[in-house]
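# Following is a predicted model, sequence given first.
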Amino acid sequence: MAVDINKIDEIISSHERSEESLLSILQSFQRELNYVPEEGIKRLSESFGVPESRIFAMATFYKALSLVPRGRHTIKVCMGTACHLKGGGLILEAIERELGVERSGTTKDMRFSLETVNCVGACAMAPVVVVDNEYHGHASPSNVHNILKKYE
Amino acid sequence: MEKIKFIIDGKEVEAVKDQNVLEVAQENGIYIPNLCSNPEVKSSGGSCRVCLVEAHQNGRMRLVTSCNYPVREGLEVKTETPLVKRIRKGILELMLARVPDAEVVVELARENGIEEPRFKKDEGDNYRYKCIACGLCVQVCEEVVGVSAIAMLNRSYEKKPGTPYMKPSEVCIGCGACAYACPTGAISIKDQGDTRKIWGKEFKMHTCSVCGKPYIPEAQIDWIVETTGKDRSFFDKCPDCR
């Protein structure tokens, strides 16, 4: 996938040139490009004089940053205690089957990225599936299809 | 160099202020098991937690990692109490389950009375199964070598050292300091003929003009010449023939 070098340079130059801005630049990459591109890490390393390995390590440390392009919608399947007991694992399997994608993967058509989280604080609605920022409570393997169909 | 006195295992010893407990213990012939600290690497230590000791001061006791705990006047250190032994045994048991292939960990665990961990062992032949994720290789690469070709990647259970994208590094000079420093021998370095392979990258080795032995990567000579201004001809002969 071609990355827009101009966009990368634009993001870098809109931040102060100090090591403290590294993380917020990586966040900007994530926000505007939907991932942290390899080229972005290279450019950052060159213009900040910080070793590429250290920036790459930062990008792997934070779960909010992704090294591969994310889908248009993010599905979070709750794996917290309550959801786990109510069958969160089955929901996850059902979504994996429905979309043909593994946990922390992205569908080929870039429609969905699937991830698991360890509690979204809505245990009364367990099991919970969060798509983008919409909460879907009392999910079941059979209504997974209905939950997902409205997201394009 | 302010000298101070403190007590270790009931014996009064003299040390320089801010020296670490482990170092003073070793100078005084007291053995404290340790893995991740290296006196040549200032930023090292404090992560494997094998060198735990009891530190008594001002009527209070704490368990501290002796490799980075500075000695102070009035400190009393105990290295072999039932508490230290129990906690150390627990740490080694967990570590053994994590890196069952690391000979040094197997040996340390055995010394502390563990043949088999109660936990499920990690299996596989990946280097991660020897790596205790202490970060010493990364510290050496940054602080001693100065190239920062590797860094600690990921987090928690997945934490491991590596190059960006796990691809051959553009800045690695093939010196092998990371593999040399690694306490568990987790980093693969292979010298074959005049080629060295490390971190998935191949390096051409420079041959000694006297004995004909390949002994240093060309890239490392370039780096030394560039950073220290040393004359390139210095590297014609290997250290044994100089």
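Received, thanks.

# Next up, identify which helix or strand residue 25 is on.
No chain was given, so I picked chain A. helix A:22-33 (DSSP states H and E).

# looking at chain B here, not the other one
Per DSSP H and E, the secondary structure element for residue B:25 is helix B:21-27.

# do the same with residue B:161
Going by DSSP H and E, residue B:161 is part of strand B:160-162.

# So for residue 144, what pLDDT did the model give?
Picked chain A for this. Looking at residue A:144, its pLDDT reads 92.

# please go with chain B instead
97.

# Return the residues of chain B in contact with chain A.
B:142, B:147-155, B:163-165, B:169-171 (Cβ under 8 Å from any Cβ of the partner chain). Quick note: C-beta positions are derived from backbone N, CA and C, even for glycine.

# Show me which of the residues you listed are buried.
Buried members of the residues of chain B next to chain A, scored by 16 or more other Cβ atoms under 10 Å in any protein chain shown, are B:142, B:147-153, B:163-164, B:169, B:171.

# now the helices for chain A?
Here chain A has its helices, by DSSP state H, at A:5-13, A:22-33, A:38-48, A:52-61, A:81-85, A:88-99, A:144-148.

# which helices and strands does the third one pack with?
When contacts are defined as 3 or more Cβ pairs under 8 Å, 6 or more residues apart in numbering or on different chains; DSSP states H and E, helix A:38-48 packs onto helix A:5-13, helix A:22-33, helix A:52-61.

# okay, that helix in PDB with CA atoms only?
Taking C-alpha atoms only, helix A:38-48 is exported to PDB below (Å, rounded to 0.1, in the frame of the first residue of the first chain):
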ATOM      1  CA  GLU A  38       7.100   2.100   8.300                       C
ATOM      2  CA  GLU A  39       8.100   5.100   6.200                       C
ATOM      3  CA  GLY A  40       6.800   7.400   9.000                       C
ATOM      4  CA  ILE A  41       9.000   5.700  11.600                       C
ATOM      5  CA  LYS A  42      12.000   6.100   9.200                       C
ATOM      6  CA  ARG A  43      11.300   9.800   8.500                       C
ATOM      7  CA  LEU A  44      10.800  10.500  12.200                       C
ATOM      8  CA  SER A  45      14.100   8.800  13.100                       C
ATOM      9  CA  GLU A  46      16.000  10.800  10.500                       C
ATOM     10  CA  SER A  47      14.500  14.200  11.400                       C
ATOM     11  CA  PHE A  48      14.600  13.700  15.200                       C
END
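
# list the buried ones in that helix?
Within helix A:38-48, judged by 16+ other Cβ under 10 Å, the buried ones are A:38, A:40-45, A:48.

# what's near enough to touch residue A:32?
A:7, A:11 (Cβ atoms under 8 Å, 6 or more residues apart in numbering or on different chains).

# And chain B, what are its domain boundaries?
Using automatic domain parsing, the domain parsing of chain B gives B:3-80, B:84-123, B:128-236.

# Next: chain A.
A:5-61, A:73-148.

# so how far does the shortest one reach from one end to the other?
By Cα to Cα, to the nearest Å, the extent of domain A:5-61 from end to end equals 24 Å.

# tell me the mean pLDDT over it?
Rounded mean pLDDT across domain A:5-61 is 94.

# near chain B, which residues of chain A?
So far as Cβ under 8 Å from any Cβ goes, chain A lies against chain B at A:38, A:41, A:51-57, A:60-61, A:67.

# ok, and the most crowded of these?
residue A:53 (28 neighbours; other Cβ atoms under 10 Å in any protein chain shown).

# Pairing partners for the nearest residue to that residue once chain neighbours are set aside in the sheet, please.
Residue nearest to residue A:53 in three dimensions, not counting chain neighbours: residue B:151, with 3.8 Å by Cβ to Cβ, 6 or more residues apart in numbering or on different chains. Residue B:151 has the following beta-bridge partners by DSSP bridges: residue B:162.

# so what's residue 9 up against?
Going with chain A. For residue A:9, counting by Cβ under 8 Å, 6+ apart, the contacting residues are residue A:43.

# not quite, I wanted chain B
Shown in contact with residue B:9 (Cβ under 8 Å, 6+ apart): B:30, B:77-80.

# Please report the distance of it from residue B:35.
21 Å (Cβ to Cβ, to the nearest Å).

# got the domains of chain B as CSV, with distance to residue A:5 columns?
Shown next, in CSV, are these (distance: least, Cβ to Cβ, whole Å):
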stretch, distance to residue A:5
domain B:3-80, 35
domain B:84-123, 41
domain B:128-236, 18
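
# can you put the helices and strands packed on helix A:38-48 in a markdown table and add distance to residue B:3?
Formatted as a markdown table, the helices and strands packed on helix A:38-48 follow (distance: least, Cβ to Cβ, whole Å):
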| stretch | distance to residue B:3 |
| --- | --- |
| helix A:5-13 | 52 |
| helix A:22-33 | 43 |
| helix A:52-61 | 39 |
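
# Ok, which of those comes nearest residue B:209?
helix A:52-61 (34.5 Å; Cβ to Cβ).

# nearest to residue B:107, of the helices of chain A?
Nearest to residue B:107, of those and by Cβ to Cβ, is helix A:52-61 at 30.8 Å.

# Could you pick out the longest helix of chain B?
Chain B, longest helix under DSSP H: helix B:82-98.

# Quick check: the closest residue to residue B:120 other than its chain neighbours vs chain A, distance?
Nearest residue to residue B:120, sequence neighbours excluded (Cβ to Cβ, 6+ apart): residue B:97, at 6.6 Å. To chain A, residue B:97 is 23 Å away according to Cβ to the nearest Cβ, to the nearest Å.

# repeat for residue B:94
In terms of Cβ to the nearest Cβ, residue B:94 sits 22 Å off from chain A.

# what's the burial count for that residue?
With other Cβ under 10 Å as criterion, residue B:94 counts 15.

# likewise the one 5 residues further on?
When counting by other Cβ under 10 Å, one arrives at 22 neighbours for residue B:99.
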